[in-house]
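Peer 1: Okay, here's the prediction I keep looking at, along with the sequence it came from:
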Amino acid sequence: MTANLNSPQRQLIALRIEHADLDAIIDRLADQTPLDQLTLQRMKKRRLALRDHIARLEAALDPREPA
């Protein structure tokens, strides 16, 4: 039995892990002094892009209406 390492399910898991990691990094960075606004802004933008990508993958894997 060969697992497909590039399957949408595995990709979704990897994206969720990356999103969670970014959440933790953003929280730590926001507590630092001095605050690096540019880095924080870039990370938040990346986190938002990940969330959108996750939502698209979830919609593709689990369509709301039967085909």
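Peer 2: Everything's here; your move. Numbers count the residues shown, from 1 in each chain.

Peer 1: what mean pLDDT would you report for stretch 21-34?
Peer 2: For stretch 21-34, mean pLDDT is 91.

Peer 1: Over to stretch 55-67?
Peer 2: 81.

Peer 1: quick one: contacts of the longest helix belonging to the chain?
Peer 2: Ordering each helix of the chain by length in residues (DSSP state H) puts helix 37-61 first. Contacts to helix 37-61, defined as Cβ atoms under 8 Å, 6 or more residues apart in numbering, come from residues 8-9, 11-12, 15-16, 18-19, 22-23, 25-26, 29-30. Quick note: C-beta positions are derived from backbone N, CA and C, even for glycine.

Peer 1: Which positions in that helix come out as buried?
Peer 2: Buried residues in helix 37-61, counted by 16 or more other Cβ atoms under 10 Å: 43, 47, 50, 54, 57.

Peer 1: re earlier: which of the contacts of helix 37-61 are buried?
Peer 2: 12, 15, 19, 22, 26.

Peer 1: What strand or helix carries the last one?
Peer 2: Looking back up the chat, that one is residue 26. Counting by DSSP states H and E, the element that carries residue 26 is helix 8-30.

Peer 1: elements contacting that helix?
Peer 2: Packing contacts for helix 8-30, counted by 3 or more Cβ pairs under 8 Å, 6 or more residues apart in numbering; DSSP states H and E, involve helix 37-61.

Peer 1: Distance check, residue 32 against residue 43.
Peer 2: Distance from residue 32 to residue 43, counting by Cβ to Cβ, to the nearest Å: 12 Å.

Peer 1: An error on my part: the question was meant for residue 19.
Peer 2: 11 Å.

Peer 1: now swap in residue 61 and tell me
Peer 2: Distance from residue 61 to residue 43, counting by Cβ to Cβ: 27 Å.

Peer 1: try residue 60
Peer 2: Distance of residue 60 to residue 43, given as Cβ to Cβ: 26 Å.

Peer 1: which one of the buried residues of helix 37-61 sits closest to residue 4?
Peer 2: Closest approach to residue 4 among the buried residues of helix 37-61 (Cβ to Cβ): residue 57, at 14.7 Å.
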